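Engineer: what's the 3D shape of this:
(2 chains)
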Amino acid sequence: MEILSLLADGFGVALTPTNLFLAVVGCFLGTLMGALPGLGPANGVAILIPIAFSLGLDPTGSLILLVSVYYGAMYGGRISSILLNIPGDEPAMMTCLDGFPMAQQGKAGEALSLSGVASFVGAFVATCGLVLLAPQLVKIALLFGPAEYFVLFTVAFATLGGISSTNQAKSAFAAALGLGIAMIGSDSQTGSQRFTFDHVHLYDGIDFLIAIVGLFALSEVFIFLEHHRSNQGVAPKAATVGRIMPDFGMIKRCIPSMARGTGLGFFSGVLPGAGASLGSFLAYSLEKQAVDRDGKTFGKGDPRGVAAPEAGNNAASGGALVPMLALGVPGSGTTAVLLAVLLQLNITPGPLLFTKNPDIVWGLIAALFLANFILLAMNIPLVGIFTRVLMVPTRILMPIVAMISFVGIYSITGSSFDVMLMVGFGIAGWVLRKLDVSLVPVILGILLGNQMEVNLRRAMTISDGDWFILVGSPLAIILWMIAIAGFVLPMMMGRRMKKRMESMRDTEEFVGD
Amino acid sequence: MSDRIFGGFGLALAIFYIWAASTIKDSFMVDVVGPRAFPYIVGSIVGLCSIYFIVRPDDEPDWPHMRAFAEIFFAAAVMFAYCVALPEFGFVISTVFATAYLTWRLGTEPLWSLVSGVGTSVGIYVVFHLILGLALAEGPLGF
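Structural biologist: Residues are numbered from 1 along each chain as shown, chains lettered A, B, ... in the order given. Model prediction:
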């Protein structure tokens, strides 16, 4: 009951006219970004952080805007999957498999409305799950001391490569690279200058927003520059949408699929290192196992093959917020970017956030519920607007994205040195992606580096220099075991998982989920 | 081979990083571990991973042809030039040319690229500066 009253207070925060307006804007922009191929939730939120920040919105307002973008992008990814057979973002990959065949049969409208409902169900249930699970996790997290926190961060890095990672050394390299970048600047404990080489611009360290926008958004522009020649032939030619209103009989038949997809998605969202892509992949493949063992209808436009992965993908994006909010440790690229939002607003997520700033936490959760309803409205009757935006050619859109990235960074830093640094990060991001080094651990390293070090040093101060404090409690030992398992398992299973995911569909290069 | 070069580069980076960490000066405040320990750990991980890349490289990535390389090189050069131009010429003029270049290289007719550049630049200026009040670079003409 305590939760309900907290949630009611949250709605009080979220329902002010300004915040409601921000939620609508966020949902609209998010759906747009999700629908556009090449602009996923991670890049979308990344580009908007500096802008939201320089607009001078209050913390709750910025958070509401940006989480609405996050949820919106998860909804929007399906639009181009269904209409163009190009996933708008990585988690929407599975929706192509049955969504596009449905569109070819002239049932694009049904597919869109069904997947809209499935997204709503997934995200709504997951948000309820977040409400119930996060406070429980907070209770556990309150038992953590500095040593346990240090190990928890290790768990985050060890599992981030994910189950489909093929080369764990590259994930570890990426994480260490990010941590190394985080060390630049003056040391928070003693004030010593580290790695600044007496360069004034580096005294405060490298702003993580510069790294995020460079690595995520600009590297996407470079990837596009590299590839545009090869896919010039396929000018987007969207299928006609047809009837928009959902076919209730079809939705009814898909309810069990949605339920299964939601459950699987939520759990893979909460687990570290899984995320929305794996959520939709698991939901699709298990749904296929459950209702279409012989492969007669799946892949040929079965509505259940649209409902399950969409519910899974959106449930996972809600689930991924649980560890991010309760522990301050994100498990995917997009939640890492959301963590950046919180850090930029000087809010440290984790158990203390729930006790110290309940208005922010519960306002945020209430905003998620609101965003869901707004998105349902936007995505079923108004889906036509978004399909029209898809007609704008990418060759015009990509430069606009690049320029908005420049505007965002320039408006918060006001220095062309920082903007150049962002271009540098963009190039580095392109090279790393070519070499198959994931960028998400780099970002997470930059974000968490200082906290990780501070916790290590606090633990050492407590133990007076005895390194065994890191394995000094049962909780820490359990966390170490999770970290080791999360790092070693993909070495054995990674190749197999990746092959299975690729055999379902030729993957393109994406930035995290 | 790419992975081996990458590993070599990573190893050099790790050695440089550890050397740079060893030059960090202590301040008047001290704690048990000091400011160097964590960078040493991080540098060692970078080094170990790099050695792994040299010993066990992955399959060759799909590198683009020379033309695409040149494409990316020039795009990056234009972006750097854009950063330099921002304080000199102001946001609107610099952005027209940077956007036009990118749009042109992505396969639009040159004249239409210029149109798109003007449209993007003025559009961003109106939305972000005039309506939302963001600070953009000001040139000699004030915009």
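
Engineer: May I ask you to name the longest helix in chain A?
Structural biologist: helix A:108-141 (DSSP state H).

Engineer: distance between the following helix or strand past that one and the chain's centre?
Structural biologist: Where DSSP states H and E defines the elements, the next helix or strand beyond helix A:108-141 is helix A:146-160. Averaged C-alpha coordinates place helix A:146-160 at 19 Å from its chain's average position (Cα atoms, centre = their mean, to the nearest Å).

Engineer: Per-residue pLDDT of the residue nearest the centre of chain B, please?
Structural biologist: Geometric centre of chain B, nearest residue: residue B:76, 8.2 Å, by Cα atoms, centre = their mean. Model confidence at residue B:76, given as pLDDT, is 94.

Engineer: mind checking pLDDT for the closest residue to residue A:404 other than its chain neighbours?
Structural biologist: Among residues not flanking residue A:404 along the chain, residue A:47 sits closest, at 5.7 Å (Cβ to Cβ, 6 or more residues apart in numbering or on different chains). (Each C-beta comes from the backbone N, C-alpha and C, glycine too.) The confidence metric pLDDT takes the value 87 at residue A:47.

Engineer: So residue A:47 sits against residue A:214, correct?
Structural biologist: No: at 11.1 Å, residue A:47 does not count as touching residue A:214 under the criterion of Cβ atoms under 8 Å.

Engineer: Quickly list what's touching both of those two.
Structural biologist: Shared contacts of residue A:47 and residue A:214, defined by Cβ atoms under 8 Å, 6 or more residues apart in numbering or on different chains, comprise residue A:405.

Engineer: Just the endpoints, please. Distance across stretch A:81-90?
Structural biologist: End-to-end distance of stretch A:81-90: 10 Å, with Cα to Cα, to the nearest Å as the criterion.

Engineer: Looking at it now, give me its mean pLDDT.
Structural biologist: 79.

Engineer: name the element the residue sitting nearest the centre point of chain A belongs to?
Structural biologist: Centroid-nearest residue in chain A, with Cα atoms, centre = their mean: residue A:334, separated by 2.2 Å. Element membership for residue A:334, per DSSP H and E: helix A:333-344.

Engineer: just checking, what packs against that helix?
Structural biologist: Contacting helix A:333-344 under the criterion 3 or more Cβ pairs under 8 Å, 6 or more residues apart in numbering or on different chains; DSSP states H and E are the following elements: helix A:41-54, helix A:59-84, helix A:208-212, helix A:321-327, helix A:440-463.

Engineer: run the last query once more with 6 Å
Structural biologist: helix A:41-54, helix A:440-463 (3 or more Cβ pairs under 6 Å, 6 or more residues apart in numbering or on different chains; DSSP states H and E).

Engineer: Do stretch B:60-69 and chain A come into contact?
Structural biologist: Yes: contact of stretch B:60-69 with chain A (Cβ under 6 Å from any Cβ of the partner chain) involves B:61, B:64, B:68.

Engineer: Including pLDDT and secondary structure, could those go into JSON lines?
Structural biologist: JSON lines is the format used below for the residues of stretch B:60-69 next to chain A (pLDDT from 0 to 100; DSSP: H, G, I helix; E, B strand; the rest coil):
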{"residue": "B:61", "pLDDT": "81", "secondary structure": "coil"}
{"residue": "B:64", "pLDDT": "79", "secondary structure": "coil"}
{"residue": "B:68", "pLDDT": "83", "secondary structure": "helix"}
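
Engineer: I'd like to know how many residues surround residue A:101.
Structural biologist: For residue A:101, the neighbour count with other Cβ atoms under 10 Å in any protein chain shown is 21.

Engineer: mind listing what it touches?
Structural biologist: The contact partners of residue A:101, taken as Cβ atoms under 6 Å, 6 or more residues apart in numbering or on different chains, are A:300-301.

Engineer: The same query, at a cut-off of 8 Å, please.
Structural biologist: By Cβ under 8 Å, 6+ apart, residue A:101 lies in contact with A:299-301.

Engineer: Report the separation between it and residue A:258.
Structural biologist: 19 Å (Cβ to Cβ, to the nearest Å).

Engineer: Now do the same for residue A:481: its pLDDT.
Structural biologist: You'll see residue A:481 listed with a pLDDT of 91.

Engineer: separation between residue A:343 and residue A:405?
Structural biologist: 19 Å.

Engineer: more crowded one of these two?
Structural biologist: residue A:405 (26 against 18).

Engineer: quick one: the more buried one and residue A:217 touch, right?
Structural biologist: Yes: shown here, residue A:405 and residue A:217 form a contact pair, counting by Cβ under 8 Å, at 4.6 Å.

Engineer: send the alpha carbons of the helix holding residue A:334 over as PDB?
Structural biologist: Coordinates of the C-alpha atoms in helix A:333-344 are reproduced here as PDB (Å, rounded to 0.1, in the frame of the first residue of the first chain):
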ATOM      1  CA  GLY A 333      23.500   0.600 -24.000                       C
ATOM      2  CA  THR A 334      20.300   2.600 -23.800                       C
ATOM      3  CA  THR A 335      20.000   2.400 -20.000                       C
ATOM      4  CA  ALA A 336      23.700   3.400 -19.900                       C
ATOM      5  CA  VAL A 337      22.600   6.500 -21.700                       C
ATOM      6  CA  LEU A 338      19.800   7.000 -19.300                       C
ATOM      7  CA  LEU A 339      22.300   6.700 -16.500                       C
ATOM      8  CA  ALA A 340      24.200   9.500 -18.200                       C
ATOM      9  CA  VAL A 341      21.100  11.600 -18.000                       C
ATOM     10  CA  LEU A 342      20.900  11.100 -14.200                       C
ATOM     11  CA  LEU A 343      24.500  11.800 -13.700                       C
ATOM     12  CA  GLN A 344      24.300  14.900 -15.800                       C
END
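
Engineer: So for the helix or strand that comes right after it, what gets flagged as buried?
Structural biologist: Downstream of helix A:333-344, the next assigned helix or strand under DSSP H and E is helix A:351-356. Residues of helix A:351-356 classed as buried by neighbour count (16 or more other Cβ atoms under 10 Å in any protein chain shown): A:351, A:353-354.
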